[in-house]
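In: My questions are about this predicted structure, shown below with the sequence.
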Amino acid sequence: MWLQKIIQLKKRTRGFHLITREIMQQLPELSDFNIGIMHVFIQHTSASLTLNENADPSVRQDFESFFNRAVPENESYYIHMDEGSDDLPAHLKSSILGCTLTIPVTGGRLSLGTWQGIYLCEHRNDGGPRSIVITVYGE
Amino acid sequence: MWLQKIIQLKKRTRGFHLITREIMQQLPELSDFNIGIMHVFIQHTSASLTLNENADPSVRQDFESFFNRAVPENESYYIHMDEGSDDLPAHLKSSILGCTLTIPVTGGRLSLGTWQGIYLCEHRNDGGPRSIVITVYGE
Amino acid sequence: MWLQKIIQLKKRTRGFHLITREIMQQLPELSDFNIGIMHVFIQHTSASLTLNENADPSVRQDFESFFNRAVPENESYYIHMDEGSDDLPAHLKSSILGCTLTIPVTGGRLSLGTWQGIYLCEHRNDGGPRSIVITVYGE
């Protein structure tokens, strides 16, 4: 069984955002899959997806602070600077964190650990709405 | 063909550990798949999975040393500190390295390169046993 | 439907290289898949794969500069040094960026965003040709 749909995520501020609920609300068909995989793919190079702690919002603040230090803006050796100082760091963060998630499906539900939630990592100051392709396959 | 099982990995010390054998011993059914994918998913936000060198154990020691410097404990700007100084860095390392592996299956075996092995990356000082969900699909 | 093939990528210099075309030329069968996933797996521990900007080549130069600073050679605490100063950093970069891509397939084509291309990340000074396993599954 295969299911594929494109979801438009609403525009968010720069930072890390919990979007598990926004995705699941648009995916009622998941309950038809007994065993499977949900593949989530963001069609951008300056935003990314990751799984992490779904409880304390300060984790997401600390993620933003950490990645801004680990991948600084305005380094003198950067060449690709035309689209703003947040652009190249956004590309780098996107490749470090990745643009894809694959999550097991069990009995019609995501087989996430208790503390795991889906983060949209918005690395641009003004990224706009983001498109993700969801593909679910299984039996 | 679909196969899914949850495996409990035995508790390990903080650091990087080669677990290819521990996983394969619990997956004799892999030999039934001629072409497929093995999906490995760790249900935690402070441990991760990666593929890397399976020969020299000093690579795994160097990984621990490197990631402790790249993602230090006790940074003054961290907010999420209640669960110990190793907790937030563990979340960050988990998202940098990722909680999922997908490995091609060919002729009933993992199609790994000669030097590739599966690492459990235990980022907590006292992480306890870790649950992974294995899903194999193919024909 | 399942398809699997091993592709030998031609040897490249150290750095980040756009290889979308080289892969697609060897995969005419993709047009048979209406909905699916293309799984790309590099069988090495000192090279990696990522998706990022396919337009301005300076992004790829900046990636090489950034990762050389983020994962320096010749750190005094490295133990695994026998295979050259570029070897351990190559292993680290490989795990940070990852050895796998999974890209949705829609209507016989990769469902990439406008600006997304496949990068081979060659982290060794003299890495030689690299093997990748492509697995496409879908309907």
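Out: Cool, the structure landed.

In: Could you give the average pLDDT over the helix or strand hosting A:Ser131?
Out: Under the criterion of DSSP states H and E, A:Ser131 resides in strand A:130-138. Averaging pLDDT along strand A:130-138 yields 98.

In: quick one: that strand to chain centroid distance?
Out: 12 Å (Cα atoms, centre = their mean, to the nearest Å).

In: quick one: secondary structure of the closest residue to A:Glu73 other than its chain neighbours?
Out: Distances taken as Cβ to Cβ, 6 or more residues apart in numbering or on different chains place A:Ser85 nearest to A:Glu73, at 4.2 Å, with adjacent residues excluded. All C-beta spots, glycine's among them, are computed from the backbone N, C-alpha and C. The three-state label given to A:Ser85 by DSSP: H, G, I helix; E, B strand; the rest coil is coil.

In: Ok, the one 10 residues further on next?
Out: Reduced to three states with three-state DSSP, the structure at A:Ser95 is helix.

In: Pick out the residue in chain A sitting closest to chain C.
Out: Residue nearest to chain C within chain A: A:Gln43 (3.1 Å; Cβ to the nearest Cβ).

In: so how far is B:Arg12 from the nearest residue to that residue once chain neighbours are set aside?
Out: Using Cβ to Cβ, 6+ apart and skipping the chain neighbours, the partner closest in space to A:Gln43 is C:Gly113 (3.1 Å). Computed as Cβ to Cβ, to the nearest Å, the C:Gly113 to B:Arg12 distance reads 39 Å.

In: A:Ile6 now?
Out: For A:Ile6 relative to B:Arg12 (Cβ to Cβ), the value is 40 Å.

In: same deal with A:Gly36?
Out: Noted for A:Gly36: a distance of 30 Å to B:Arg12, by Cβ to Cβ.

In: the more surrounded of the two?
Out: Ranked by neighbour count (other Cβ atoms under 10 Å in any protein chain shown), A:Gly36 and B:Arg12 place A:Gly36 first, with 25 against 17.

In: Apart from its chain neighbours, what residue comes closest to that one?
Out: Nearest non-adjacent residue to A:Gly36 (Cβ to Cβ, 6+ apart): A:Gly138, at 1.9 Å.

In: Next, count neighbours for that neighbour.
Out: Neighbour count of A:Gly138, defined by other Cβ under 10 Å: 22.

In: likewise A:Pro129?
Out: Count around A:Pro129 with other Cβ under 10 Å applied: 9.

In: Quick check, it in contact with A:Lys11.
Out: Yes. Judged on Cβ atoms under 8 Å, A:Pro129 makes contact with A:Lys11 at a distance of 4.8 Å.

In: got the contact list for the most centrally placed residue in chain A?
Out: Geometric centre of chain A, nearest residue: A:Leu49, 2.1 Å, by Cα atoms, centre = their mean. Taking Cβ atoms under 8 Å, 6 or more residues apart in numbering or on different chains, we find A:Leu49 in contact with A:40, A:42, A:97-101, A:118-121, A:132.

In: rerun that using 7 Å as the cut-off
Out: A:40, A:42, A:98-101, A:118-121 (Cβ atoms under 7 Å, 6 or more residues apart in numbering or on different chains).

In: To which secondary structure element is it assigned?
Out: Per DSSP H and E: strand A:47-53 holds A:Leu49.

In: quick one: average confidence on that strand?
Out: Strand A:47-53 comes out at a mean pLDDT of 98.

In: So is stretch A:114-125 next to chain B?
Out: Yes. Stretch A:114-125 reaches chain B (Cβ under 7 Å from any Cβ of the partner chain) through A:115-116.

In: Can you list the strands that the helix or strand hosting A:Pro104 pairs with?
Out: A:Pro104 belongs to strand A:100-106 when assigned by DSSP H and E. Partner strands and pairing direction for strand A:100-106 (DSSP bridges) are strand A:35-42 (antiparallel), strand A:109-110 (antiparallel).

In: Sweet, I'm off.
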